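Colleague: I'd like to go over a predicted model; first the sequence, then the structure.
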Amino acid sequence: MNHISRGFLGLAGCLVVGACAFLPSRGAAQTSPKPDQWIHVRVESKDNSGETVRVNVPVEMAEKVLPAIHHENLRGGKVHIHNAHLDDVDLRTLLEAVRSSKDGEYVTVQGNGDNVRVAKSAGYLYIHVTEKKVCDKTAKQTEGKEVSAKNATAKESKVEVKIPMKVVDALFSAGEDELDVLAALRALSSSGDTELVSIKDDEDTVRVWIDSKNVSD
Amino acid sequence: MIFLAKAALGIGATLILTGAYVFHEGVIQVSVDENRAAGSHVHIWVPAMVVPVALHFVPNHNLKEAAAKAGPYLPVLREVSKELAKYPEADLVEVLDANQHVHIAVHRGRVYIDAVSDNDDIHVSFPVETLSDVADRLEEAAPGV
């Protein structure tokens, strides 16, 4: 082998090694962006620890992983509830009545402490609950004594739930005493960007929403 | 002399090729630092390709035991691995408070798990495929578990 062919061989070897090193790794093979829907959960604590929890999960991934989980009441993407009649309220019948009704406000309860509103509008089910609690600032309330206005503070907790009706339908599409979470996720993935749950009180703020971003805002 | 040069060239080329292949397949990084006096500091870099090979040398009864324990979670592990490969960039979980920070993310097809607290700094990263490699080997050891 003469010097030229040896040099050529060496050059070719270097090129092969270089090309091999710059090949995308196995993990980074699929880098094309996909307009997937993501479920985001954010919990922010207002206490001194300032704990914040952020969870971002692709809906498609949740759909695939959920059927693989078999733990207690969750099996095959369905949650088995032993008694759907919660406190003598037939939830399934109630939701069926809401589903088949026209848009409107179904329940409005306004009291001194709590406000509850259940409504259906433009394909969404809305549940808004506002709870007001009167708390003693000193936390040393003597039994039998009323909290004085000076020491009393009103704490308000707000729960707002907005669920597409097709997700509610999917959730209750399984048999009796079952919630089809998998079907609900599938319905959710086609619902577009939406805020699902918002809870605000003096201790925590909880938000659950769905959009196409892969990080929390 | 020429023979020695040729042998050195062969060994060198083999090392370079092996290095390039290892780089291509990715590495598993584990870093543990205890933030206290005489605390331990462990930093490990292992080629990810070693994991499936090394699992073949683990005694089968040990693998069966591990598979039996991990059995219910293997399908979940496999699905998570398969799905994570589709999301090379993702911030999955973040827990933050005054004393600790836990972050699980995928960046360029690698899973990063970081747990930083007042006492310890733990950083683990590995290619997503390592999860399925482990799940495959455990399932081979105890099929149908």
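Modeller: Okay, I see it.
Colleague: show me where chain A has helices.
Modeller: Ranges of helices in chain A, per DSSP state H, are A:3-22, A:59-65, A:91-99, A:165-171, A:181-189.
Colleague: gap between whatever residue of chain B ends up closest to chain A and B:Leu9?
Modeller: Using Cβ to the nearest Cβ, the closest approach of chain B to chain A is made by B:Gly109 at 2.4 Å. C-beta here means a position set from N, CA and C on the backbone, and glycine is covered the same way. Shown here: B:Gly109 relative to B:Leu9, a distance of 34 Å by Cβ to Cβ, to the nearest Å.
Colleague: so for these two, which residue has more residues nearby?
Modeller: A count of neighbours by other Cβ atoms under 10 Å in any protein chain shown puts B:Gly109 above the other of B:Gly109 and B:Leu9, at 22 against 13.
Colleague: now the phi/psi pair for A:Gln37, please.
Modeller: Note on A:Gln37: its backbone torsions stand at phi -90, psi 140 [degrees, to the nearest 10].
Colleague: hmm, it is touching A:Pro58, no?
Modeller: Yes - using Cβ atoms under 8 Å, A:Gln37 is in contact with A:Pro58, at 7.3 Å.
Colleague: which positions in chain B make contact with chain A?
Modeller: Listed as neighbours of chain A in chain B under the rule Cβ under 8 Å from any Cβ of the partner chain: B:13, B:16-17, B:20-21, B:23-26, B:72, B:75-76, B:78-80, B:82-99, B:108-110, B:127-129.
Colleague: what do you get if the cut-off is 7 Å, keeping everything else the same?
Modeller: Within chain B, the positions near chain A by Cβ under 7 Å from any Cβ of the partner chain are B:13, B:16-17, B:20-21, B:23-26, B:72, B:75-76, B:79-80, B:83, B:85-98, B:108-110, B:127-129.
Colleague: just the buried ones from these?
Modeller: Using 16 or more other Cβ atoms under 10 Å in any protein chain shown as the burial test, these include B:16, B:20, B:25-26, B:75-76, B:79-80, B:83, B:85-88, B:90-97, B:109-110, B:127-129 as buried.
Colleague: so which of these sit within strands?
Modeller: Members of these lying in strands (criterion: DSSP state E): B:90-96, B:110, B:127.
Colleague: look up how far chain B lies from A:Val98.
Modeller: Separation of A:Val98 from chain B (Cβ to the nearest Cβ, to the nearest Å) stands at 34 Å.
Colleague: still on that earlier bit, now the ones in strands among the buried ones among the residues of chain B next to chain A in CSV, with pLDDT and distance to A:Trp209?
Modeller: Below are those laid out as CSV (pLDDT from 0 to 100; distance: Cβ to Cβ, whole Å):
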residue, pLDDT, distance to A:Trp209
B:Ala90, 88, 16
B:Asp91, 91, 15
B:Leu92, 93, 16
B:Val93, 94, 16
B:Glu94, 94, 16
B:Val95, 94, 19
B:Leu96, 92, 19
B:Arg110, 89, 27
B:Pro127, 90, 31
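Colleague: okay, now the nearest residue to A:Lys46 once chain neighbours are set aside: neighbour count?
Modeller: Sequence neighbours aside, A:Glu203 is the residue nearest to A:Lys46 in space, at 5.9 Å (criterion: Cβ to Cβ, 6 or more residues apart in numbering or on different chains). Here the number of neighbours of A:Glu203 (other Cβ under 10 Å) works out to 11.
Colleague: pLDDT score assigned to A:Glu203?
Modeller: For A:Glu203, the pLDDT comes out at 83.
Colleague: test my guess that B:Glu34 contacts B:Asp120.
Modeller: Yes - using Cβ atoms under 7 Å, B:Glu34 is in contact with B:Asp120, at 5.6 Å.
Colleague: now do the helices in chain B.
Modeller: Using DSSP H, the helices of chain B run over B:2-25, B:50-56, B:60-70, B:74-84, B:129-141.
Colleague: dump those helices to TSV, plus mean pLDDT.
Modeller: Shown next, in TSV, are the helices of chain B (pLDDT from 0 to 100):
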stretch	mean pLDDT
helix B:2-25	77
helix B:50-56	77
helix B:60-70	78
helix B:74-84	86
helix B:129-141	80
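Colleague: nearest to A:Ile81, of the ones you listed?
Modeller: helix B:74-84 (22.3 Å; Cβ to Cβ).
Colleague: contact partners of that closest one?
Modeller: Helix B:74-84 has contacts (Cβ atoms under 7 Å, 6 or more residues apart in numbering or on different chains) with A:61, A:64-65, A:68-69, B:106, B:111, B:128-129, B:131-132, B:135, B:138-139.
Colleague: cutoff 8 Å now
Modeller: Residues from elsewhere that reach helix B:74-84 (Cβ atoms under 8 Å, 6 or more residues apart in numbering or on different chains): A:58, A:60-61, A:64-65, A:68-69, B:67, B:70, B:90, B:106, B:111, B:128-129, B:131-132, B:134-136, B:138-139, B:145.
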